[in-house]
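**Q** A structural model of the following input is requested.
(one chain, ligands or ions: 1)
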Amino acid sequence: MERLPLFFDVKGKRCVVVGGGEVALRKATLLARAGAKLHIVAPELDDEMASLCKREGAFVCPIEFQPCCLASATLVIAATDYLDVNTAVSDAAKALSIPVNVVDQPALCTFIVPAIVDRSPILVAISSGGASPILARSIKRLIETLLPARVDRLALLLRQLRDAIKGKIRGFDDRTRFWEKVLEGDIPELVYAGKEDEARKRILDEAKRASAARGEVYLVGAGPGDPELLTLKALRLMHKADVVLFDRLVSESILLKLRPDADKIFVGKQKSDHAVPQETINEMLVRLAREGKKVLRLKGGDPFIFGRGGEEIESLAAAGVDFQVVPGITAASGCATYAGIPLTHRDYSQSVRFLTGHIREGGVPLDWAMLAGEQQTLAFYMGLSGLQIICDELLAHGMDPSMPVAVIEQGTTREQKVSVANLVSIREQILVDEIKPPTLIIVGRVVSLREKLDWFRAP
Ligand code: SAH
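**A** Below you'll find the predicted structure:
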């Protein structure tokens, strides 16, 4: 590229034209169209130039060119028939770093004036880099025939609507797609046919539809049961969602906080009751979001802790669906707190492990030797049916048989029940207490603190 094309704002700026003849007139006319403050330097003016100067209120300097004529000029065009004058203008301008054009003499120019197709605000500028102004002009004629006559009206309409559309369609990419769709459709034809009001209405209608149609999935942790343990963000999105997919673990009192007119779909999820398979849930989320819905995927506890939340958003990401994830209070944290059991304690436990007690064929693949050690707390999720195996493994790996164990049923809710015993006696205790799932099992010395710290009384 020999030169950098730019569109120069000369409105109200002093632009000097040296010359008073026909060529100078053409350049002065162009500058006047762009709103420049004309300053004409020429000992004599042609009639037409004189009347342009009058019409435009140009400042006329009726003298031979002198470098002082360029004082505070924004740009200068030399259009005289005399090489020495043109060269003097070029030299003086270059010395003052003022952009200069000398008509038909590219070597003397720091800028050239392109051939233009003016359908303002659409402006096409063509340059042959001084190689052949005639070729540039023939390309200009070609473009003139290609450009719709009313493309200026279209550009003005789009300019008028820009801010309104920005307010309706917030994402930059979404907006780009929207405008591309508008321009590829039949709306431009309406403008070219003079039906601008109809075109305006159509664009605004399409924008309304586009902004409404952008679906999204909110993967939200609902906490362990007590509705007051919902985060503010969870609650806000629960009020916004059009459709809700929820698990068995989400409590009734939390479901009451959903928008009453939202569609509520139960997707089960319980060890023995996979009401809807995971793949189907993933597909449902994608399909509903693509229908333009705000979809709430509400999960018990925290979606990223034994919640398969990662898998669900993986399929959303792969499908290009927008999503947000909101953490929730996980069962271990909620149940332990409401049972008066601190998960860590300076004297008894320096770490806490969240473990699955879900028994597969061949047992739970856990490092039992490590888990049997002191000074830690074990929190087992999904462990009730595997409690026997958990206790047996810990005992077999050397854990103290008197190690306290708590089994918390429906923690944080009004139905909360807590069964406390030790590694040996807990199985019998849960039968006496008639403990049923869902339960969280806590193994560790911290469980004994419950004697002093038990605070929760169901309302
Ligand atoms: N994502 C959830 C866990 C899902 S796995 C979370 O972060 O809490 C399901 C298991 O969580 C249940 O089997 C049970 O072990 C535990 N759980 C969830 N809510 C519970 C509650 N209120 N009381 C006791 N256990 C609960």
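
**Q** quick one, what contacts the closest residue to the ligand within the stretch 301-450 of the chain?
**A** Taking C-beta to the nearest ligand atom, the ligand has its nearest neighbour within the stretch 301-450 of the chain at Gly301, 1.9 Å off. C-beta coordinates here come from the backbone N, C-alpha and C atoms, glycine included. Gly301 makes contact with 221-224, 249, 307, 328-331, 334, according to C-beta atoms under 8 Å, 6 or more residues apart in numbering.

**Q** biggest separation within the residues you listed, which pair?
**A** Gly307 and Gly334 (13.9 Å; C-beta to C-beta).

**Q** okay, these two: which has more neighbours?
**A** When Gly307 and Gly334 are compared on other C-beta atoms under 10 Å, the one with more neighbours turns out to be Gly334, at 25 against 22.

**Q** you'd agree that one is in a strand?
**A** No. If the criterion is DSSP: H, G, I helix; E, B strand; the rest coil, then Gly334 is helix and not within a strand.

**Q** Check what contacts the helix or strand containing Val191 and list those residues.
**A** Taking DSSP states H and E as the criterion, the element that holds Val191 is helix 187-192. With C-beta under 8 Å, 6+ apart as the contact definition, helix 187-192 has outside contacts at 148-151, 153-154, 157, 196, 198-199, 202-203.

**Q** one more time with 10 Å
**A** 148-158, 181-182, 195-203, 206 (C-beta atoms under 10 Å, 6 or more residues apart in numbering).

**Q** What of stretch 67-76?
**A** By C-beta under 10 Å, 6+ apart, stretch 67-76 touches 8-10, 12-18, 31, 36-37, 39-41, 61, 63, 65, 88-93, 95-96, 98-102, 110-111.

**Q** So how do I select the buried members of the residues you listed in PyMOL?
**A** To isolate the buried members of those in PyMOL, using 16 or more other C-beta atoms under 10 Å:
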select buried, resi 13+14+15+16+17+18+31+36+37+39+40+41+61+65+88+89+90+92+93+98+99+100+101+102+110
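
**Q** Which neighbours do Gly307 and Gly334 have in common?
**A** 300-301, 328.

**Q** and which of those is nearest Leu453?
**A** Nearest to Leu453 out of the shared contacts of Gly307 and Gly334 is Gly301 (C-beta to C-beta; 22.1 Å).

**Q** Pipe the contacts of Gly301 into a markdown table and attach distance to the ligand and secondary structure per row.
**A** Below are the contacts of Gly301 laid out as a markdown table (distance: C-beta to the nearest ligand atom, whole Å; DSSP: H, G, I helix; E, B strand; the rest coil):
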| residue | distance to the ligand | secondary structure |
| --- | --- | --- |
| Gly221 | 7 | strand |
| Ala222 | 9 | coil |
| Gly223 | 8 | strand |
| Pro224 | 4 | coil |
| Leu249 | 5 | coil |
| Gly307 | 4 | coil |
| Gly328 | 7 | coil |
| Ile329 | 8 | coil |
| Thr330 | 3 | coil |
| Ala331 | 3 | helix |
| Gly334 | 6 | helix |
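
**Q** Of the residues you listed, which one scores lowest on pLDDT?
**A** Within those, Leu249 has the lowest pLDDT, namely 88.

**Q** Test my guess that that one contacts Leu255.
**A** No. If you go by C-beta atoms under 10 Å, Leu249 and Leu255 don't touch, sitting 11.4 Å apart.

**Q** interface residues of the stretch 201-350 of the chain facing the ligand?
**A** Taking C-beta under 6 Å from any ligand atom as the contact definition, the stretch 201-350 of the chain meets the ligand at 224-225, 249, 299-302, 305-307, 330-331, 335.

**Q** any idea of the pLDDT on the residue nearest in space to the middle of the chain?
**A** The chain has Gly171 as the residue nearest its centroid, 5.7 Å off, counting by C-alpha atoms, centre = their mean. As predicted, Gly171 sits at a pLDDT of 72.

**Q** Let me see the contact set for it.
**A** 177-178, 211, 214, 322.

**Q** and Asp261, how many residues sit next to it?
**A** 6.

**Q** who's in contact with it?
**A** By C-beta under 10 Å, 6+ apart, the residues touching Asp261 are Asp242.

**Q** Surely it forms part of a strand?
**A** No. Asp261 is assigned coil when assessed by three-state DSSP, not a strand.

**Q** still on that earlier bit, can you pick out the ones from the contacts of stretch 67-76 that are in strands?
**A** Mapping the contacts of stretch 67-76 onto strands (DSSP state E) picks out 14-18, 37, 39-41, 61, 100-102.

**Q** Where does the prediction get shaky in the stretch 301-450 of the chain?
**A** 360-364 (pLDDT under 70).

**Q** In it, what residue spans correspond to helices?
**A** Using DSSP state H, counting those that start in this stretch, the helices of the stretch 301-450 of the chain run over residues 309-319, 331-338, 368-371, 387-396, 426-432, 450-453.

**Q** Can you show me the CA trace of the fifth one as CSV?
**A** What that stands for is helix 426-432. Provided in CSV are the C-alpha atoms of helix 426-432 (Å, rounded to 0.1, in the frame of the first residue of the first chain):
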residue,chain,number,x,y,z
ILE,A,426,-23.7,-46.7,64.4
ARG,A,427,-25.3,-49.3,62.2
GLU,A,428,-27.6,-50.3,65.1
GLN,A,429,-28.2,-46.7,66.1
ILE,A,430,-29.6,-45.7,62.7
LEU,A,431,-32.0,-48.6,62.8
VAL,A,432,-33.3,-47.5,66.2
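
**Q** Briefly note if that helix comes near the ligand.
**A** No. Counting by C-beta under 6 Å from any ligand atom, the ligand has no neighbours in helix 426-432; the shortest distance is 13.0 Å.
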